[in-house]
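**Q** what follows is a predicted protein model with its sequence.
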Amino acid sequence: MQIIANGISLGAVLFLMGSGLALLLGAMGVLNLAHGAVYMVGAFVTSTLAVDQGYPLVVAILGAAVICAALGLALERLFRFIPGRPNEQILMSFGLIYVLANLAQWIWGPIAKAPFRISWLEGAVQIGGVSVPANRLAIAVVGFAIALMLWLVQDRTRVGAMVRAGMDDAEMTKGLGINLDRVVLAVFVLGSAVAGIAGGMGGLVLGANTNQPMEVLLMALVVVVVGGIGSVPGTLVAALVIGLLDAFSRDRFPEMSSVMLYLLMAGVLVLRPTGLSGRTA
């Protein structure tokens, strides 16, 4: 049960990492590989505001979300210069990863930040006889709350209908008079804000360091591949499955833990290339 609790909390972080990336890929048709760097910025900003400056954690995470949303706005403007050119977009993404990682090293230094210690999240909560660390419980609650919010926006609002329409047929959507560029911008900003929240919440157990852009990117890609492009429920299920698989494998055979994740991804690609959601790019 302790392993399950750890896996669910990790799954919540993975969902926050992968949901924005999945929506961006579905809405734009391009894989923004710099998404992990946005997560890193969110982690460092939260560390600065909550640990160094003493702001409440909620304020720090909201500040990280705002800064990452602004960063997402800037990134979206850059991607507009090379529409429909995936090779150039991927190369630019990797360039942005190195630029943002070096800027973070210049601002915050090369030494990694330890997991954030927040006084009211110290200790554990007893749930059904299982001792769940308070910080992991908070991560799970925030992750599921954002999952519910994104699902409601995607499936129950006019903006969500526009996003789904753009995923299915961009040309027809534009022909109906919908400004798809604004929709893409809104999704980019929202996805980046969620990545900032993921960095802030993930920092409670993972800290912050300049290696995170690539580490987060790999995990987010596994979540997107398994869950499917542009699907919030698919991404959530995939994140939980991967989180639980990672937690069990680290406990039972730690030397094979990372291999298990990629075996899962390979199996999904072979058996169901469109992922759990069944949506194609």
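**A** Structure's in. What do you need? Numbers count the residues shown, from 1 in each chain.
**Q** you'd agree S131 is in a strand?
**A** Yes: per DSSP: H, G, I helix; E, B strand; the rest coil, S131 lies within a strand segment.
**Q** how about the contacts made by the nearest residue to it once chain neighbours are set aside?
**A** Nearest residue to S131, sequence neighbours excluded (C-beta to C-beta, 6 or more residues apart in numbering): A124, at 4.4 Å. For every residue, glycine as well, the C-beta is placed using N, CA and C. With contacts taken as C-beta atoms under 8 Å, 6 or more residues apart in numbering, A124 has the following neighbours: 131-134.
**Q** tell me what A124 is bridged to.
**A** P133 (DSSP bridges).
**Q** distance of it from S19?
**A** 27 Å (C-beta to C-beta, to the nearest Å).
**Q** circling back to that earlier point, buried among the contacts of A124? Make that a PyMOL selection.
**A** A single PyMOL command selects the buried members of these (16 or more other C-beta atoms under 10 Å):
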select buried, resi 132+133
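**Q** turn the contacts of A124 into CSV, columns for pLDDT.
**A** Shown next, in CSV, are the contacts of A124 (pLDDT from 0 to 100):
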residue, pLDDT
S131, 79
V132, 82
P133, 84
A134, 89
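**Q** nearest to F94, out of the contacts of A124: which one, please.
**A** Checking the contacts of A124 against F94 with C-beta to C-beta, the nearest one is P133 at 35.1 Å.
**Q** gap between stretch 233-247 and the chain center?
**A** Taking C-alpha atoms, centre = their mean, to the nearest Å, one finds stretch 233-247 lying 13 Å from the centre of the chain it belongs to.
**Q** contacts for that stretch?
**A** With C-beta under 8 Å, 6+ apart as the criterion, stretch 233-247 contacts 3-4, 6-15, 17-19, 22, 147, 151, 219, 222-224, 226-228, 257, 260-261, 264, 275-277, 279.
**Q** tell me how many other residues crowd L264.
**A** Burial of L264 is recorded as 18 neighbouring residues (other C-beta atoms under 10 Å).
**Q** in three-state terms, label it for me.
**A** helix.
**Q** I figured it hits G227, correct?
**A** No: in this structure, L264 is not within contact of G227 by C-beta atoms under 8 Å, at 11.5 Å.
**Q** doesn't L62 make contact with L49?
**A** No: contact criterion C-beta under 8 Å: L49 and L62 do not qualify, at 9.3 Å.
**Q** so between these two, which is more surrounded?
**A** L49 (21 against 18).
**Q** for the helix or strand that contains Q89, buried residues please.
**A** According to DSSP states H and E, Q89 maps onto helix 86-108. By neighbour count on 16+ other C-beta under 10 Å, the buried set for helix 86-108 is 89, 92-93, 96-97, 100-101, 104, 108.
**Q** would you list those in a markdown table and tack on distance to E215?
**A** A markdown table is the format used below for those (distance: C-beta to C-beta, whole Å):
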| residue | distance to E215 |
| --- | --- |
| Q89 | 21 |
| M92 | 20 |
| S93 | 15 |
| L96 | 16 |
| I97 | 11 |
| L100 | 14 |
| A101 | 11 |
| A104 | 14 |
| W108 | 17 |
